[in-house]
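**Q** Okay, sequence plus prediction incoming.
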Amino acid sequence: MRHALLFSVFVIASCGLAYELIAGALSSYLLGDSVTQFSTVIGTYLFAMGAGSWLSKYITRDLVGRFIQIELMVGLLGGFSAIALFLVFTWLGGPFKLILYLVVFGVGVLVGLEIPLVMRILKRELAFKDLVSQVLTFDYLGALAVSILFPLVLAPQLGMVRTGLLFGLLNVAVALWALQLFRDQLPARRWLAVQSWAVFATLVGGFAGAGQLTTLAEAHVYADEIVHAETTPYQRIVVTRWRDDLRLFLNNNLQFSSHDEYRYHEALVHPGLASLPGARRVLVLGGGDGLAVREILKYPNVASVTLVDLDPAMTSLFSTAPALVALNGGALKSERVTVVNADALQWLEESREYFDFIVVDFPDPANFALGKLYTSAFYRLLEKRLSARGLIVVQSTSPLYARQSFWCVVATLEDVGLQTAPYHALVPSFGEWGFIIAGRQPFSLAAPDDFRRALPSGGKARFLTAETLPDLFRFPADMGRIPAEVNRLNNQVLVRYFEAEWRKVIR
């Protein structure tokens, strides 16, 4: 009996941490700023556990029966927490944060009740010093196990919804196990058995229908038909289609529309690369959709392109899905392209290669994990991999909607000694969008005739022309330069700028 209860501690500790991780990850996906979301979720959860532990002293009779009912309640609430939060976000929107913290608090209180009750049940079997050490040992081991399995196996393989339901079933399994172990000590055994099997059946039904529940929720998030959706260890990838318009969303944020992505990617690649007629080695950081690579491969003088993208699911999707391969022209399958799935910052630290042209095409700095890729520390690593007369181009959010954020990126590039040439282009899906060319020498825009000769297809592009190119480097008064701090690893000021500015736009 003692060993069975100690193993139960291992299971319930795993379940409790799993619900906490699900709430933190889901709120990060939906709200952004993973540091804030995880910090507030963990803080609320730990406080609630403390409250639950304090409340446990008021449970004085039928400890085993109350323990079983608590397991059923935490299994039901925690198991359905992911899909409930997803549905609240998609259908109600506004109350999401309130519901999130109520769910986290509720689960935390129930989890806080569990361990004190187990210890009181076990006190007849163990001396106090052994009781505390063994219970806490199994508690911490359970937390360790799920903290490793959650990002590596559970979230990418099962997704948030099924992971929550799986741990809910484990809580119910503990209840059923306790029901069997203490069958002779439970005055209301039959009623507890009915409750346990009812909750078990509910969770099994939820697990079986998890795909439909997720589809139902996402159908309200995305206006168009979802043609691909998957959760990876790094992000939620969703591709939608409306007629001939394909759209990519990462963590609920639009990355491109096939109707106008050419404007973005022509503006990202051609102003810089067309001014480097001798460029042979190109590096692309981010851009796992292969659309920037598609534009680069139009230059016959480019001998090799190295694409570094963190998520192998992204590069695999855009290398195999027929509609997406057609969109990027099969760029990721070109013999001139080498795909590397790695963290860009770590890859730059280890690389000893030099490149004539570097494209930095990361998502916007909506959280600190992305913000580190816009810091002075990152740009110093980038500068070391640049050939003598090479150029870097960085996508830099909107100089209209996030003006201080844009000029913060400029100031950060200049802080590491690079000369900058900011510019912008209108992309209807996003509005005015900003880019920055940087190098060791001042940037010289290619003359019209040189631009026509350098640009593939005889100087023809769908958006850019030699005549309109200079206009991209002129900023109207409402997008002109304003003071901004340098974005450093120890301050991440860019993330704060970005959140504050885009919050006003969304409202």
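**A** Structure's in. What do you need?

**Q** middle-most residue in the protein, spatially?
**A** The centre of the chain sits closest to residue 235, judged by Cα atoms, centre = their mean, with a distance of 3.8 Å.

**Q** looking at it, that residue is touching residue 249, isn't it?
**A** No - Residue 235 lies out of contact with residue 249 (Cβ atoms under 8 Å); the separation is 9.7 Å. Every C-beta, even on glycine, is put in place using the N, C-alpha and C of the backbone.

**Q** which residues of the stretch 401-507 of the chain score low on pLDDT?
**A** Counting by pLDDT under 70, the ranges of the stretch 401-507 of the chain that qualify are 456-460, 506-507.

**Q** Listing partners with orientation, what would you give for the helix or strand where residue 436 lies?
**A** Using DSSP states H and E, residue 436 maps to strand 431-439. Strand 431-439 has its sheet partners listed here by DSSP bridges as strand 386-395 (antiparallel), strand 419-427 (antiparallel).

**Q** Quick one: the ones you listed as TSV, columns for mean neighbour count too.
**A** Shown next, in TSV, are those (neighbours: other Cβ atoms under 10 Å):
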stretch	mean neighbour count
strand 386-395	21
strand 419-427	20
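
**Q** Adding distance to residue 96, write those out as JSON lines.
**A** Below are these laid out as JSON lines (distance: least, Cβ to Cβ, whole Å):
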{"stretch": "strand 386-395", "distance to residue 96": "29"}
{"stretch": "strand 419-427", "distance to residue 96": "29"}
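
**Q** Minimum distance to residue 491: which of those strands has it?
**A** For residue 491, the closest of the strands paired with strand 431-439 is strand 386-395, at 19.0 Å, according to Cβ to Cβ.

**Q** what's in contact with that closest one?
**A** Strand 386-395 has contacts (Cβ atoms under 8 Å, 6 or more residues apart in numbering) with 264, 268-269, 271-273, 275-276, 279, 281, 354-362, 374, 382-383, 409, 413, 418, 433-441, 443.

**Q** repeat that for 6 Å
**A** With contact meaning Cβ atoms under 6 Å, 6 or more residues apart in numbering, strand 386-395 is reached by 272, 354, 356-361, 435-439.

**Q** Just the CA atoms of it, as PDB, please.
**A** Extracted as PDB, the C-alpha positions of strand 386-395 are listed here (Å, rounded to 0.1, in the frame of the first residue of the first chain):
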ATOM      1  CA  LEU A 386      29.800  39.000 -43.100                       C
ATOM      2  CA  SER A 387      32.400  39.200 -45.900                       C
ATOM      3  CA  ALA A 388      34.400  42.300 -46.300                       C
ATOM      4  CA  ARG A 389      32.000  44.200 -48.500                       C
ATOM      5  CA  GLY A 390      28.900  42.100 -47.700                       C
ATOM      6  CA  LEU A 391      25.500  43.300 -46.700                       C
ATOM      7  CA  ILE A 392      22.800  42.300 -44.100                       C
ATOM      8  CA  VAL A 393      19.100  43.000 -44.600                       C
ATOM      9  CA  VAL A 394      16.700  42.700 -41.600                       C
ATOM     10  CA  GLN A 395      12.900  42.700 -41.600                       C
END
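
**Q** name the helices or strands packed onto whichever helix or strand comes after that strand?
**A** Sequence order places helix 403-415 as the next helix or strand after strand 386-395, per DSSP H and E. For helix 403-415, the contact count by 3 or more Cβ pairs under 6 Å, 6 or more residues apart in numbering; DSSP states H and E identifies helix 376-384, strand 419-427, strand 431-439, helix 493-506 as packing neighbours.

**Q** Now residue 150: closest residue in space that isn't a chain neighbour?
**A** residue 21 (5.0 Å; Cβ to Cβ, 6 or more residues apart in numbering).

**Q** From residue 41, how far off is the one you found?
**A** 9 Å (Cβ to Cβ, to the nearest Å).

**Q** Same question for residue 463.
**A** 43 Å.

**Q** Of these two, which one has the most company?
**A** For residue 463 versus residue 41, neighbours defined as other Cβ atoms under 10 Å are more numerous around residue 41 (25 against 16).

**Q** Looks like that one contacts residue 24 (just checking).
**A** Yes - the criterion here is Cβ atoms under 6 Å, and residue 41 meets it with residue 24 at 4.3 Å.

**Q** lowest-confidence helix or strand of this structure?
**A** Within the chain, confidence by mean pLDDT, DSSP states H and E is lowest for helix 456-459 among all helices and strands, at a mean of 61.

**Q** does the nearest residue in space to residue 412 that is not next to it in sequence sit in a helix, a strand or a coil?
**A** Excluding the flanking residues, the one nearest residue 412 by Cβ to Cβ, 6+ apart is residue 487, at 4.6 Å. Following DSSP: H, G, I helix; E, B strand; the rest coil, residue 487 is assigned to coil.

**Q** my guess is residue 487 meets residue 495, correct?
**A** No - assessed by Cβ under 6 Å, residue 487 is found out of contact with residue 495, at 8.2 Å.

**Q** Specify which residue of the two has the higher count of neighbours.
**A** Set residue 487 next to residue 495 and count neighbours by other Cβ under 10 Å: residue 487 wins out with 29 against 26.
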